[in-house]
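>>> this is a predicted model, with the sequence first.
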Amino acid sequence: MVGQLIADRYELKEIVGTGGMSSVYCAHDTLLERDVALKLLHEHHARDDDYVERFRHEARAVAQLSHPNIVTVIDRGEDGGRQFIVFEYVPGENAKQLVVRDGRLPIRRLLELGLEIGRALAFAHGQGLVHRDVKPQNVLLSEDGRAKVTDFGIARSVDAVGMTQTGTVLGTSHYIAPEQARGERVDAKTDVYSFGVVLYELLTGDVPYDGESFVAVAMRHVNDPVPSVLEARPDCPIRLAVLIERCLAKSSGERPPMGEVVQELEATVERGQQLDAIAEHEARMWPERHDRRHGPCLARRFEHSAMTEMNAVEAADRDCPLARREVRRLVSELHSRASASSGGMKRSGSASSTENGPISVRRSVRQCPPSASAIERT
């Protein structure tokens, strides 16, 4: 196929991906002199009306979505009985290739990608479309690092009756929602579950469930409890861990809508920026307390972390058992580490015990809102 001219306009340069339904090529648009991505329906599906209609549907669906984090449709057509769709070309890799190469992502980078993917899906849901195949392979990363969601090949309108034929399973097993695995009706909350799996994988470097076959993995999504995010990634912000747990709820009614997911991710980013600003401020105000091993004013930083995390948990879901358990563990750990750090600073001659020095974590807990303190005591 490489070297062929499609519709007297698109010259196929190289294949960049293939799947059960179609192959994707990097092609050169000889009319506008630019590279594009051309998706070509497999020849053996060209005679199947269902596949042809699904292929045409993808072009119509994505054409409705104009968003910076969704790949743009440029053209659609037929050449010698072969259906094709032309998209903008996004040079780079996909999120799956990124995590396979680098392993789990830094928290900051995870939040950046998560926000871009979440905003794209929230926009699609607002336009009445459910993706139904959210996975890192369908998240392209441009050369400047921006995420772009692609492959709406099995997307459906949220108003479509039944959404899928009884007994038909659509999606990829490692990212499939329980209702998809059972062949039941799906909606926007199905994308929320799959997005939660993507966040889990980017955060920990592994999918939450694995198995020897499609069915084995799908059944684990239906029956197995959600693995602990904090056990797999102890440095994960509690607010983010709670959010992923909510996204991975077995019942779709217990999952937050995508708009709320985006708001929680934004709040997590904001909290992180506040802590960074505190640390930078303290480094300027108390340079004599800067410990080369631990960074500026370690005890004070841990104290602010405890306050931030407890307030975040209260805002996210104060009735969540995971949140209560992890806040208790966090406060205990922070107090121990802060005390040890303060002792080390005293021995080194710092002024950490003066009136202007860092107050204890115990005192900061007493100053927390009643509900947050209640969480710490339970």
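Great, that's in hand.

>>> got the end-to-end distance for stretch 215-233?
For stretch 215-233, the separation between the terminal residues is 28 Å (CA to CA, to the nearest Å).

>>> ok, and for it, which residues are buried?
V217, A218, M219, R220, H221, V226, V229, L230, A232, R233 (16 or more other CB atoms under 10 Å). (C-beta placed from N, C-alpha, C; glycine too.)

>>> ok, so of the residues you listed, who is nearest E11?
For the buried residues of stretch 215-233, the residue nearest E11 by CB to CB is V217; the value is 39.4 Å.

>>> average pLDDT across the strand or helix carrying that closest one?
According to DSSP states H and E, V217 maps onto helix 214-223. For helix 214-223, mean pLDDT rounds to 90.

>>> cool, stretch 119-136 as well?
Rounded mean pLDDT across stretch 119-136 is 92.

>>> what about P227, which SS state?
The three-state label given to P227 by DSSP: H, G, I helix; E, B strand; the rest coil is coil.

>>> swap in A37?
The three-state assignment at A37 reads strand, by three-state DSSP.

>>> and it, how close does it get to M258?
25 Å (CB to CB, to the nearest Å).

>>> so who does L31 touch?
When contacts are counted by CB atoms under 8 Å, 6 or more residues apart in numbering, L31 touches R9.

>>> and it, backbone torsions?
phi -80, psi -50 (degrees, to the nearest 10).

>>> leaving out chain neighbours, which residue sits closest to K135?
Nearest residue to K135, sequence neighbours excluded (CB to CB, 6 or more residues apart in numbering): Y175, at 4.4 Å.

>>> same deal with P91?
In space, and not counting its chain neighbours, P91 is closest to E143: 5.7 Å by CB to CB, 6+ apart.

>>> Y10 now?
Per CB to CB, 6+ apart, closest to Y10 is A27, 4.3 Å.

>>> check what pLDDT that neighbour gets.
pLDDT recorded at A27 is 94.

>>> which SSE is it in?
Per DSSP H and E: strand 22-29 holds A27.

>>> gap between the nearest residue to L140 once chain neighbours are set aside and L141?
Excluding the flanking residues, the one nearest L140 by CB to CB, 6+ apart is V90, at 4.2 Å. For V90, the distance to L141 equals 8 Å [CB to CB].

>>> swap in V73?
Taking CB to CB, one finds V73 at 19 Å from L141.

>>> quick check: phi and psi at the closest residue to G20 other than its chain neighbours.
What sits nearest to G20 in space, not counting adjacent residues and going by CB to CB, 6+ apart, is H42, at 8.0 Å. Main-chain torsions, H42, degrees, to the nearest 10: phi -60, psi 140.

>>> count the neighbours of H42 for me.
17 (other CB atoms under 10 Å).

>>> let me see the contact set for it.
By CB under 8 Å, 6+ apart, the contact list for H42 reads G20, M21, S22, S23.

>>> of the residues you listed, select the buried ones using a PyMOL command.
To isolate the buried members of these in PyMOL, using 16+ other CB under 10 Å:
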select buried, resi 21+22+23
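
>>> contact partners for the closest residue to L141 other than its chain neighbours?
Once flanking residues are discounted, L141 sits nearest to G92: 4.8 Å by CB to CB, 6+ apart. For G92, the contacting residues are L140, L141, S142, E143, by CB under 8 Å, 6+ apart.
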